[in-house]
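Undergrad: build me a structure from this.
(one chain, ligands or ions: 2)
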Amino acid sequence: MIQFKSPREIERMAVAGEMVALTFQAIQPLIVPGTPTIEIDEAVRDSVHDLGGKPLFLGYHGFPAHSCISVNEQVVHGIPGPRKLQDGDLVSIDIGIGADGFCGDSARSFLIGEGSRSAIRTLEVCREALAAGIAAATPGNTLVELVQAIETSIRGAKLGLVEKYVGHGIGREMHEEPQVPNFVTKSLKQNDLELRPGLVLAIEPMVNGGTGDVYTLDDGWTVVTVDSEVSAHCEHTVAVTEEGPRVLTLAPGEAWPPIPGTPGQ
Ligand code: MG
Ligand code: MG
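TA: Ligands and ions are numbered 1, 2, ... in the order given. Model (predicted):
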């Protein structure tokens with residue numbers, strides 16, 4: 001069952017969402033060549049602790065870290081470790097934080113230094129797909145229309161749409177109904193719903209530079225592209241309100257749509 005949130009509950013979700021965004025700001029200086037991804041995760045841990053939040057990923061189905069950090073051909077669910085970021089890497093970082101009984105969930109992708117043309121394009125298309133999905137998260141639209149906006153954005157760019165993983169409702173639980181796939185499925189059409197104020201969704205397209213096909217490594221977590229091409233992942237927690245979409249995973253001073261030049265947004 002879909003849990004619609006009251007305006008007061010959305011304000012509480014914005015507190016959790018802001019913690020996620022503040023944590024992205026806290027780790028920003030570490031997203032440079034030479035940083036082992038485990039150090040970024042330790043900074044996520046410290047930030048969540050300092051903000052008084054709860055890390056939602058640690059221990060989730062046994063996940064061993066506070067954040068998912070996926071580099072280049074890694075799509076999602078990468079486990080932070082000794083791998084050092086290098087010039088040209090495309091790194092996706094996913095962070096979930098609980099606070100005051102509610103959850104915030106956001107992923108941002110960053111280019112380290114210049115990046116290949118493919119990496120630049122993949123990141124750009126992923127951000128555009130997220131923006132298209134958020135713009136469609138408005139009362140009167142349907143979930144199919146929101147998902148169609150994401151799908152059109154990615155397929156139109158002729159990049160790889162990762163079909164295997166989906167966005168989701170979010171609230172007191174990190175993963176609530178409905179599922180928010182990044183392409184229109186038969187089951188989505190059958191279960192379509194009108195977007196109403198109080199619906200809160202984690203919208204999270206994953207875009208690959210090559211094909212959209214992926215598989216999971218033997219560690220049981222890390223999802224990688226089958227063709228070793230790069231991948232990007234962009235996610236925000238978004239509330240449907242009377243006034244339109246409200247992005248909850250923003251820090252003070254951040255805006256949606258993003259101010260040009262805002263790192264990772
Ligand atoms: Mg996430
Ligand atoms: Mg999510």
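Undergrad: which element, helix or strand, includes the closest residue to ligand 2 within the stretch 51-200 of the chain?
TA: Closest residue of the stretch 51-200 of the chain to ligand 2, Cβ to the ion: residue 105 (4.2 Å). Placement of C-beta: from N, CA and C, glycine included. Here residue 105, judged by DSSP states H and E, is contained in strand 102-111.
Undergrad: pull out the buried positions in the helix or strand just after that strand.
TA: Heading C-terminal from strand 102-111, the first helix or strand you meet, by DSSP H and E, is helix 117-135. Neighbour counts over helix 117-135 (16 or more other Cβ atoms under 10 Å) mark 119, 121-123, 125-134 as buried.
Undergrad: return the residues in contact with the residue in the stretch 151-265 of the chain that ligand 2 sits nearest to.
TA: Nearest to ligand 2, among the residues of the stretch 151-265 of the chain, is residue 202, at 3.9 Å (Cβ to the ion). Taking Cβ atoms under 8 Å, 6 or more residues apart in numbering as the contact definition, residue 202 lies against 105-106, 167-170, 180, 235-238.
Undergrad: what residues does the stretch 51-200 of the chain put near ligand 2?
TA: Residues of the stretch 51-200 of the chain lying close to ligand 2 by Cβ under 5 Å from the ion are residue 105.
Undergrad: please repeat the previous calculation with a cut-off of 8 Å.
TA: Within the stretch 51-200 of the chain, the positions adjacent to ligand 2 are 94, 96, 105, 107, 167-168, 170, 174-175 by Cβ under 8 Å from the ion.
Undergrad: out of the residues you listed, flag the one nearest to residue 257.
TA: Nearest to residue 257 among these is residue 107, at 17.4 Å by Cβ to Cβ.
Undergrad: okay, and the beta partners of the closest one?
TA: On the basis of DSSP bridges, residue 107 is bridged to residue 94, residue 235.
Undergrad: quick one: the residue nearest the centre of the chain from ligand 1, how far?
TA: Nearest residue to the geometric centre of the chain (Cα atoms, centre = their mean): residue 235, 2.3 Å. To ligand 1, residue 235 is 5 Å away according to Cβ to the ion, to the nearest Å.
Undergrad: that residue contacts residue 165, correct?
TA: No. If you go by Cβ atoms under 8 Å, residue 235 and residue 165 don't touch, sitting 10.6 Å apart.
Undergrad: overlap in contacts of those two?
TA: Joint contacts of residue 235 and residue 165 (Cβ under 8 Å, 6+ apart) are residue 204.
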